[in-house]
Each structure stands twice: as structure tokens, then as C-alpha cells.
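# just a sequence and a predicted model for now, questions to come.
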Amino acid sequence: MARIVMKFGGTSVANLDRIYNVARHVKREVDAGHEVAVVVSAMSGKTNELVDWVQNMPKVAGAASPFYDAREYDAVVASGEQVTAGLLAIALQSMDINARSWQGWQIPIKTDNAHGAARIQEIDGTEIIRRMGEGQVAVVAGFQGIGPDNRIATLGRGGSDTSAVAIAAGVKADRCDIYTDVDGVYTTDPRIEPKARRLKKIAFEEMLEMASLGAKVLQVRSVELAMVHKVRTFVRSSFEDPDAPGMGDLMNPPGTLICDEEEIVEQEVVTGIAYAKDEAQISLRRLADRPGVSAAIFGPLAESHINVDMIVQNISEDGSKTDMTFTVPSGDVDKALAVLGSNKEKIGFDVVQSEKGLVKVSVIGIGMRSHAGVAATAFRALAEKGINIKAITTSEIKISILIDGPYAELAVRTLHSCYGLDKN
Ligand code: ASP
Ligand code: MG
């Protein structure tokens, strides 16, 4: 017997038939004797609709910055998950399964005060654990909790993944199954490279890089949380027949296990290729090469909440002038240029140049820590295809390369095959 948290995303609960199908997945685990808590998203499209309603209220619409009350935004957008939780509890009860729905405040899932992007601070799993022990299935509304102001707080878009992992940690589950519309985590995006393979296992750290570098299977914060609490997390499909052979396998269900690297015996050097579109590059030319320039540039950008990613600085030839290049999301370029413009005197640069529509492709793998030549392989492969590299950054387990947008797909395929990820 095990304790399992099962999370179902928006497409898995998109209509009543699918909710019923989800109930069959839950029934399979209940019938096997496991203790089960379920976390649900809103039906697909629902959260977008709710957000639109908030943003299109006359007088709010078109405002330069949203001046609506974030607490009321949360009251509205949290409702989508509440509907799904109730409907799934009804579906389960119709199958004679003892089940009830839970909203965030009822558990309670305590968050901080950052309405719209709240972080979970504490979950009291006692009551859910007690009831699971009595055979009751908890159906929890994802994406929401309760803030210190005693009001509903939502966790940011995609936040029900984080709810699920947090609940799994809170009730000390053996496993957290994230059911979605794909059957696992792939070596790269199969829409770009049909030879992409489903990974059996991926380490937390690698998944964190994959998620932050563009793979959209899981909310980044859910992976962070899983890593901290060592929650073994499976990504698997809700669209397979709930009663197909192997679906209820406790140790090896179909899907991708995200786990501690110790659990991965045969570690490949490279695990996957991720990409992020809509990157932009900003270059400051002929900066004074003196202490404090970087602080003068990136301080004001940070204060304006502009997310700077790759930073490249050249060593100046004569010790007086240098160039600084960095990337930001394309959507933030104009804001960044305005911030730099108004700090021109303080920073002391000659000209600023920018370019939008770039793509960052990344090679990820913890095996890189102990292998030389991984980066050189990438550079050679891209060169053979005539792809120009605009900037490079590396960490222990990843190499990120900035290139022109139109080369994105070719670069992903090239990198995928140069490490043999399309084989075996
Ligand atoms: N329904 C929320 C969203 O669409 C949360 C989630 O699905 O994870 O962002
Ligand atoms: Mg999601």
C-alpha cells in the first residue's frame, strides 16, 4: 500500500467525460488499496476566461498598469479549480468512492501575501492524512491557498503543479503523479524533432533547467519544491486507458520519473535540449571599464523588474573601454532601453544596440560535470550547419547558446542528434 498524490491538468479535466475518465484513474489506485489525494486544475481555457473577465472590466481595460484589486483577481480566478474539484468528487461518489472536495483555505494551504503569485508557506496535512486512513479521497483545488490576510491567494499561472508537489510533501506521499496531455518528459520538443525520446528518468536539477529554459511540462516552482522535499514525481498521460496493463504499476508506471540523481544509474552525458523563443539582446558599446559599471546597469533594470538572463562582458584592450551584452525577454526590450536611456550619464556608455526575435537553445545534462568536450561538440555541430552563435553561457550542467530566431528548429535538431539523443 502506498500514499499517492494524483494531479490532473486542464486538458485532462476539459469536459465532463474527461473528468469521468480522471475518476477512473483515481478508482484504479483506490481499488489497489492506496491512499489517494487528488489535485485538480481548472477546466482548460477556464482560467484564461476568468483572467480576461477581470482585465476587461470597463475602466480597468486599457489601463497602463492593472489597477484592479489583486485580492479580487484571486477571488475570481481561483474559482475555476473549485468547480473541477467539486465535479470530480461527484464523479468519484457516483462510482461509490468515498471522496470530498477541499478548497485551499479548508486544509489550510497557507501562503504569503503576494496575491496572484503567492508562495506556499505551510500545509497542515493532518486532517487529510487522517481521512485518507479512513479510506476517503481528498480532491483538492489546485492553484490556491489562503494568505495571512485571510483571503484566497493564487500561486501564479500553472500553479496547480506546485499545489500537487506541496501537498505530496505535506502528506508525506510516496509519489506525486502529474497527469497531463503528454506521456512524459522528452529529450526535446517532439513537435520540432520527431525522433525525440521519452526519458525514463530525469534528475531534479535537470528538470529544473529544462523547465526554466522553455520546456513547458511543469511549473518551474513545482520542480524546485520537488527537489527540496525530494518528492518523487511522475509525469504521465491521463489520455491512456486507465485500466491498460501497467497503468497501476507501483514502481514503474508509464511516464517519466523526476527523481534524485542517485536514483539514475545509467547517466547519459546529455539528457535533453531545451529552447526559449523571444529572447532579445542588448549591447552597450564603449563603456568605461571601472568598478561599479555592472551595478549601474543591472541595478536599475532589476528595480524595474526586468529579468536579465545571459550577460557577456568583454575585457577591454587598453583597460579603459569595454562592451557589455545581455539578454532580456523580447517583450521587455523597450522598457529596458528606456531604463538604460535615463541612466546614461551614470552608466557612461557610448551607444546602445538591441535586437529582438532571438532564440536560446540549451544543452542539459548532469553528466557534463564529469565529461570534457561537451560544449565543443555543440559548437562544431552548429558551425557545420552555418548557424552563427551570438552569445554563450554555461553552468555545471548546461550550455546555453543564443542564435537568430529562424535557426531555432535546425539548431534544436542539430544538437539533439550530435549527442546521439535520437538513438536507442
Ligand atoms: N488553472 C491555472 C492556470 O491555468 C493553474 C494551473 O492549471 O496549473 O494557470
Ligand atoms: Mg499546467
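Arrived safely. Ligands and ions are numbered 1, 2, ... in the order given.

# and the helices in the stretch 301-424 of the chain?
All helices of the stretch 301-424 of the chain, identified by DSSP state H, counting those that start in this stretch, fall at 333-342, 344-347, 374-384, 408-418.

# residues in contact with stretch 10-28?
Outside stretch 10-28, the residues that touch it by C-beta atoms under 8 Å, 6 or more residues apart in numbering are 6, 8, 36, 38, 40-47, 84, 87-88, 91-92, 94-95, 97, 99, 137, 179-181, 238-239, 242-243, 247-248. Glycine gets a C-beta too; all of them are placed from N, C-alpha and C.

# what does the protein put close to ligand 1?
Selection of the chain residues close to ligand 1 by C-beta under 6 Å from any ligand atom yields 9-10, 41-42, 47, 80, 142-143, 157-161.

# now, which of those lie close to ligand 2?
9, 158 (C-beta under 5 Å from the ion).

# of all the residues of the chain next to ligand 1, which two lie farthest apart?
Greatest spatial distance among the residues of the chain next to ligand 1 (C-beta to C-beta): 80 and 161, at 15.0 Å.

# all helices for the chain, in order.
Along the chain, the segments classed as helices by DSSP state H run 16-31, 46-55, 70-77, 79-94, 126-133, 160-170, 204-212, 220-229, 293-303, 333-342, 344-347, 374-384, 408-418.

# so which bits of the stretch 251-400 of the chain are right by ligand 2?
Counting by C-beta under 5 Å from the ion, the stretch 251-400 of the chain comes close to ligand 2 at no residue.

# re earlier: buried subset of the contacts of stretch 10-28?
Neighbour-count burial (16 or more other C-beta atoms under 10 Å) applied to those gives 6, 8, 36, 38, 40-44, 46-47, 84, 87-88, 91-92, 97, 99, 137, 179-180, 238, 242, 247.

# picking up where we left off before, what about the residues of the chain next to ligand 1, which one has the most neighbours?
When the residues of the chain next to ligand 1 are compared by neighbour count (other C-beta atoms under 10 Å), residue 142 ends up highest, at 32 neighbours.

# ok and the residue in the stretch 201-350 of the chain nearest ligand 1?
Of all residues in the stretch 201-350 of the chain, residue 219 sits closest to ligand 1, at 6.6 Å by C-beta to the nearest ligand atom.

# and the residue nearest to that residue when sequence neighbours are not counted, how far from residue 164?
Among residues not flanking residue 219 along the chain, residue 158 sits closest, at 3.8 Å (C-beta to C-beta, 6 or more residues apart in numbering). As judged by C-beta to C-beta, to the nearest Å, residue 158 and residue 164 stand 11 Å apart.

# so which residues on the stretch 1-150 of the chain come close to ligand 2?
Taking C-beta under 5 Å from the ion as the contact definition, the stretch 1-150 of the chain meets ligand 2 at residue 9.

# where does the prediction get shaky in the stretch 1-150 of the chain?
Where the stretch 1-150 of the chain drops to pLDDT under 70, the residues are 60-67.

# just to revisit the earlier point, most tightly packed of the helices of the stretch 301-424 of the chain?
helix 408-418 (a mean of 20; mean count of other C-beta atoms under 10 Å).

# remind me what it packs against, helices and strands.
strand 272-288, strand 351-364, helix 374-384 (3 or more C-beta pairs under 8 Å, 6 or more residues apart in numbering; DSSP states H and E).

# so which of the ones you listed is nearest residue 205?
When the helices and strands packed on helix 408-418 are compared by C-beta to C-beta, strand 351-364 sits nearest residue 205, at 9.0 Å.

# angle of that closest one against helix 408-418?
If you take axes from the mean of the first three to the mean of the last three C-alpha atoms, to 10 degrees, strand 351-364 sits at 40 degrees to helix 408-418.

# could you check which residue of the stretch 151-300 of the chain lies nearest ligand 2?
Here the residue of the stretch 151-300 of the chain nearest ligand 2 is residue 158; by C-beta to the ion that distance is 4.5 Å.
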